[in-house]
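Peer 1: sequence first, predicted model second:
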Amino acid sequence: MVISHLRWILSESSEIDAVLACAADELARYAHKLTGAQWDVRPLGAADSRPNTAWLGICDQMPEPPDGQLTPSLWDDGFTTWAAGSELFITGRNARSVLFGVYDFLEEQGVRFVRPGTDGEIVPQIEQLVMPGTPPEARSAISEEARYRHRGLCIEGATSLDHALATVDWCAKKKMNTIFLQFLSSRYFFNQWYERKYNPDYADRPLTEQEALAYDDQIIAAMKRRGLVLHRVGHGWTSAAVEMPRSGWVEADEEVKPEYVRWLADVGGKRTLFKNIPINTELCYSYQPAFDAFVENIVRYCEAHPELDVVHVWLSDAVNNKCECDACRELSISDWYAKVINTLSESLHYRVPEMRFVFLSYIELLWPPEQIAIDDRYGNAILMFAPITRCYGHALADPACDDALARARPPLNEFSVSKQNAFFVKQLAAWQGVFPGDSFDYDYHLMWDIWRQLTDTGLARIYHEDLQQLHQLGLNGLVSCQSFRAFYPSGLAMATLAEALWAPDEPWDAVRQRYLDAAYGDHADFVSDYLDKVESYLDTGDPHRRKPPLSNVDEAGLAAFAAFLDASLDDLASRRASVPGGAQCRSLDLLAHHAQFLQFITRAYRARLAGRPEDAQHKLEQAADFLRQTEPQVSPFIDTMLALRLSMEGSH
């Protein structure tokens with residue numbers, strides 16, 4: 001079949017039409033890259049029969065596919081692709097799903113999206129597009145629906161505007177539907193990149209709040225063009241209530257206004273900023289003016305931001321900082337939170353009826369309310385489960401990760417928590433007992449542990465296990481709190497996150513092999529063996545993977561690893577020379593970069609074992625210099641700031 005025309009079906013919404021236009025542009029653009037064909041692309045009011053035409057549209061405006069009609073949905077994604085005569089049809093439950101269907105169709109043609117950016121994609125040259133039902137394809141239609149509703153990333157780390165825009169683009173191509181921009185602006189994360197205090201040779205000037213908001217607007221525009229779901233804010237509402245809005249965990253450079261001092265939590269007999277950090281400061285929720293202002297501030301923000309889909313309503317980001325006044329002691333902090341949830345739910349229902357909001361189970365809020373029932377009559381609340389101190393050596397639902405200790409709600413401001421996963425699963429079940437509504441996991445696989453473990457392959461397996469089991473835990477997806485630049489050294493964990501959020505039942509070996517084939521081509525088998533060996537050398541035997549890699553290896557083991565890295569670098573250099581360029585060459589480059597970095601770490605451990613602490617420190621400084629000096633070449637894929645902070649913890 002030869003396609004020469006592309007038509008997309010107009011809706012009654014300009015926002016939907018913009019996403020459908022994006023899907024049409026993407027299909028035509030990649031079809032040209034694949035085959036050299038130039039298509040005539042136009043919108044139409046309705047679908048009719050036209051030869052040699054590709055049709056895009058939302059399912060209730062398109063012909064019924066062979067396997068039955070999809071159901072329209074704003075939140076849940078699915079698409080169907082089929083051919084009839086000389087026509088191609090791609091339809092979705094919403095405009096975003098049509099775009100996902102386009103990218104899936106392109107992957108059927110051999111296109112691969114390994115990493116963000118043009119050198120992260122593989123586009124083969126073919127004579128013509130292969131349609132569903134064409135041998136050896138047995139299915140007359142390709143119909144898929146996402147297993148999970150919530151599939152996304154939350155901004156963290158050091159991020160530039162270009163990094164963020166490339167991440168938005170990659171997420172859409174991998175059928176991830178959500179981006180969460182923390183705080184009232186992303187200034188904190190932008191300035192970790194632009195100021196680059198960790199790498200002053202490449203530092204730029206910091207952004208102002210207005211500049212950061214303008215960058216956010218560009219990211220949001222890129223999301224809206226693709227129909228992605230925008231989440232925003234989270235921490236910061238407590239400080240905003242007392243007119244101290246902050247982006248990030250920064251200390252205050254001004255005093256709390258006298259009229260707001262009474263609003264602050266009484267901790268140790270004082271009402272003041274908690275450790276001088278506004279967003280870590282809690283309010284006195286029994287004091288009605290503070291409670292009302294907290295809720296009203298959120299509602300007004302939602303009224304002023306119609307582009308927002310989901311607002312996150314979190315309390316402060318600290319422990320042992322809750323109000324100790326007599327009135328606040330009458331309820332647990334979770335019960336006060338339940339009062340906030342109920343009041344906010346009703347206010348948003350009447351004033352911003354399309355808005356949904358997230359509340360979270362996190363630190364002291366891991367224990368659910370006991371006295372205040374959560375009222376979900378308006379259906380606009382979403383539970384976010386955030387097991388921040390969990391183990392990443394085991395899947396969340398792995399019964400082996402259990403210290404068997406009972407942990408009741410701790411006394412006020414005496415917080416302590418398990419680091420083993422059975423505890424968190426029990427707390428999730430307790431929350432589900434008081435709130436059976438929509439929910440998702442907010443997790444941190446690629447926030448800290450990817451840098452501490454010195455590889456992403458073990459975390460990729462844990463991701464796959466977690467995402468296979470989330471539905472059994474009653475969770476409807478995952479938003480990953482992480483740097484946007486976590487495609488190092490292999491990118492396997494990021495690929496697994498995206499693919500298993502959509503289709504978690506595919507076997508792990510198949511997910512892994514498909515990614516390695518895409519990222520490394522003819523060198524996939526070599527890389528598979530190499531990654532396995534690297535992981536085995538880094539494995540300390542700690543089932544929770546909290547011991548720093550190599551920290552318990554003797555001199556013989558370190559010498560063997562050093563020899564392996566030397567030989568592997570020679571092999572990688574030879575293989576890179578045989579690849580002309582593009583995504584697979586870049587993949588091998590990143591592995592070589594990682595092997596060089598591991599050489600420095602190994603030398604530091606060997607010097608330490610030999611009783612040469614100054615030499616060991618020098619080797620670590622060389623490792624840090626290597627990361628800093630190579631940052632311009634690898635910045636889209638590795639967060640140098642976090643790698644510097646976390647990768648060498650055990651080597652000192």
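Peer 2: It's in. Numbering: from 1, shown residues only.
Peer 1: check contacts around residue 486.
Peer 2: Contact partners of residue 486, counting by Cβ atoms under 8 Å, 6 or more residues apart in numbering, are 446, 450, 456, 493-494, 638-639. Placement of C-beta: from N, CA and C, glycine included.
Peer 1: also residue 421?
Peer 2: Residue 421 makes contact with 387, 390-391, 394-398, 401-402 under the criterion Cβ under 8 Å, 6+ apart.
Peer 1: okay if I get those as a markdown table plus distance to residue 436 and pLDDT?
Peer 2: Formatted as a markdown table, the contacts of residue 421 follow (distance: Cβ to Cβ, whole Å; pLDDT from 0 to 100):
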| residue | distance to residue 436 | pLDDT |
| --- | --- | --- |
| 387 | 19 | 98 |
| 390 | 23 | 97 |
| 391 | 27 | 97 |
| 394 | 26 | 98 |
| 395 | 23 | 98 |
| 396 | 19 | 98 |
| 397 | 19 | 97 |
| 398 | 24 | 97 |
| 401 | 25 | 97 |
| 402 | 25 | 96 |
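Peer 1: which among these end up buried?
Peer 2: Buried subset of these (neighbour count, 16 or more other Cβ atoms under 10 Å): 387, 390-391, 394-398, 401-402.
Peer 1: which one among the contacts of residue 486 gets closest to residue 102?
Peer 2: Checking the contacts of residue 486 against residue 102 by Cβ to Cβ gives residue 494 as the nearest, at 20.9 Å.
Peer 1: the residue nearest the centre of the chain sits in which helix or strand?
Peer 2: In the chain, the centroid-proximal residue (Cα atoms, centre = their mean) is residue 153; its distance is 2.1 Å. Using DSSP states H and E, residue 153 sits within strand 150-156.
Peer 1: which element follows that strand toward the C-terminus?
Peer 2: Taking DSSP H and E, what comes next after strand 150-156 is helix 161-173.
Peer 1: can you give the domain ranges for the protein?
Peer 2: The record's domain parsing of the chain by automatic domain parsing lists 5-145, 150-518, 520-651.
Peer 1: how many residues are close by the nearest residue to residue 167 once chain neighbours are set aside?
Peer 2: Nearest non-adjacent residue to residue 167, counting by Cβ to Cβ, 6 or more residues apart in numbering: residue 484, 4.2 Å away. Per other Cβ atoms under 10 Å, the neighbour tally for residue 484 reads 28.
Peer 1: what's the distance between residue 484 and residue 549?
Peer 2: Distance check for residue 484 against residue 549: by Cβ to Cβ, to the nearest Å, it reads 24 Å.
Peer 1: which SSE is residue 80 in?
Peer 2: Applying DSSP H and E as the criterion places residue 80 in strand 78-84.
Peer 1: and for the helix or strand following that strand, what's in contact with it?
Peer 2: Using DSSP H and E, the next helix or strand after strand 78-84 towards the C-terminus is strand 87-92. Contact with strand 87-92 is made by 1, 3, 23, 27, 49-59, 62-63, 65, 70, 77-83, 98-102, 105, 129, 131, as judged by Cβ under 8 Å, 6+ apart.
Peer 1: which stretches of the stretch 351-500 of the chain have low pLDDT?
Peer 2: For the stretch 351-500 of the chain, no stretch has pLDDT under 70.
Peer 1: circling back: could you redo the contacts of residue 486 as CSV and give each row neighbour count, distance to residue 142 and secondary structure?
Peer 2: Compiled in CSV, those are given as follows (neighbours: other Cβ atoms under 10 Å; distance: Cβ to Cβ, whole Å; DSSP: H, G, I helix; E, B strand; the rest coil):
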residue, neighbour count, distance to residue 142, secondary structure
446, 30, 30, helix
450, 30, 33, helix
456, 27, 30, coil
493, 28, 27, helix
494, 34, 24, helix
638, 26, 35, strand
639, 29, 36, coil
